[in-house]
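>>> Next come a sequence and a model predicted from it.
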Amino acid sequence: MFKTNYGEFNPDTWEETCQLAFKISYKKENYQKMPDANGDLGIEGFTLNSGKAFQCYCPENDISGQELYKALRGKITNDIKKLDKNCSELKKVLGDTKIKEWYLVTPKNADKNIFSHCRTKEKEVLNKNLEIVDNDFKIIIHDAEDYVQYFKFTNDGIRFDPSIDTKEKKELISSKNKYVDNAKRKYTKVYQKDFSDITELEKSVLTATNISIDRYLKGKKTLDFLRVKHPRDYERFKRIIAQLEEEVTFDSLGSIPDKKLFIKEQINNVEQKLLIQLNGFDTIMLRDLANQVVSRWLLECSLNFI
């Protein structure tokens, strides 16, 4: 396995991760994944509008330094040759689109000398006057950091992992004390049977309130990501939650004997609905969204305890 700051990868999991990134990053450019049935033509995807071609590469083992540089250099050398070798087949796939930029997408770059090698190979390709290659052809190295701005990578699918903005949290608490008051009131009812000591009860209530606010704020950022990058899934999410919110409002009108269990059941229920309806997303991200939804219900008044 090849180790990075974003997890460990082998060639298969790296390509799967890259394909997810390409589909998000280059959607407006009409990104097309090359089916495996096409064989190894030297590219694993391309943009029909802008002429970008992509080849993924991840070493089998955790190599670095000169060993990694030689591996990247060899990959570029071998795959660039395939543009010439498979020119007629690639022409059928690309149509009138010409390759302007050929990307080697690898978890980590090794040495600045790889850029010199890219410039050499660019000249070799241009000297062949290939029908599928643009006159301003470039070879570009991308690594994991070129795509992490869109989402974090996991083997399970798309994930966005935001951090808590301390300033935003302070502003929310100071401007919307109603959220804090609601949470304290509800969590007092949740934990009052567990503590005979009022000080211990208050500590637990404050801790639970703080966790709910953190979950709410992190979830808001994840929802913004969903709204901008995956608008159809975002609209589906809103429809799912609107229905569940109506149900939880109705269910919490009466007496609830085990309030802690009720909250856990709501989180699990939301999570299961999202797992079924939202495909291609990491399960941890969907759990975070479920926590955000139920936290919002507690901070507002959708989920109430009499």
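It's in.

>>> Output stretch 224-233 as CSV, nothing but the C-alphas.
Extracted C-alpha coordinates of stretch 224-233, given in CSV (Å, rounded to 0.1, in the frame of the first residue of the first chain):
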residue,chain,number,x,y,z
ASP,A,224,-23.3,23.6,1.6
PHE,A,225,-20.8,21.2,-0.1
LEU,A,226,-23.7,19.0,-1.1
ARG,A,227,-25.8,21.9,-2.4
VAL,A,228,-22.9,23.3,-4.6
LYS,A,229,-21.3,20.1,-5.8
HIS,A,230,-24.2,17.7,-5.8
PRO,A,231,-27.4,19.7,-6.2
ARG,A,232,-29.7,16.8,-7.2
ASP,A,233,-28.6,14.8,-4.1
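
>>> How far away from the center of its chain is it?
11 Å (CA atoms, centre = their mean, to the nearest Å).

>>> what's that stretch in contact with?
For stretch 224-233, contacts defined as CB atoms under 8 Å, 6 or more residues apart in numbering pick out 24, 150, 151, 158, 160, 162, 234, 237, 278, 281. In short, each C-beta sits where N, CA and C put it, glycine included.

>>> Please look at the fifth one and residue 222 and confirm they touch.
Yes - counting by CB atoms under 8 Å, residue 160 does reach residue 222; the two are 5.3 Å apart.

>>> shared neighbours of these two, which are they?
residue 285.

>>> what about residue 59, how many residues close to it?
21 (other CB atoms under 10 Å).

>>> Phi and psi next, for it.
phi -60, psi 150 (degrees, to the nearest 10).

>>> Distance from the helix or strand encompassing residue 246 to the middle of the chain?
Assigned by DSSP states H and E, residue 246 belongs to helix 231-251. Centroid displacement of helix 231-251 relative to its chain, using CA atoms, centre = their mean, is 22 Å.

>>> Report the buried residues of it.
Going by neighbour count (16 or more other CB atoms under 10 Å), the buried part of helix 231-251 is 233, 234, 236, 237, 240, 241, 244, 245, 248.

>>> ok, what's across the strand from the residue nearest to residue 23 when sequence neighbours are not counted?
Nearest residue to residue 23, sequence neighbours excluded (CB to CB, 6 or more residues apart in numbering): residue 31, at 5.8 Å. Using DSSP bridges, the beta-bridge partners of residue 31 come out as residue 47.

>>> which ones are touching residue 31?
Contacts of residue 31 (CB under 8 Å, 6+ apart): 22, 23, 25, 45, 46, 47, 48.

>>> what does the strand ranked longest in the chain rub up against?
Counting by DSSP state E, the longest strand found in the chain is strand 133-142. Under the criterion CB under 8 Å, 6+ apart, residues 51, 72, 76, 80, 83, 98-106, 109, 114-115, 118-119, 121-122, 125-126 lie in contact with strand 133-142.

>>> Write the PyMOL selection for whichever of those are buried.
Burial among the contacts of strand 133-142 is assessed by 16+ other CB under 10 Å; the matching PyMOL selection reads:
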select buried, resi 51+72+76+80+83+98+99+100+101+102+103+104+105+106+109+114+118+121+122+125
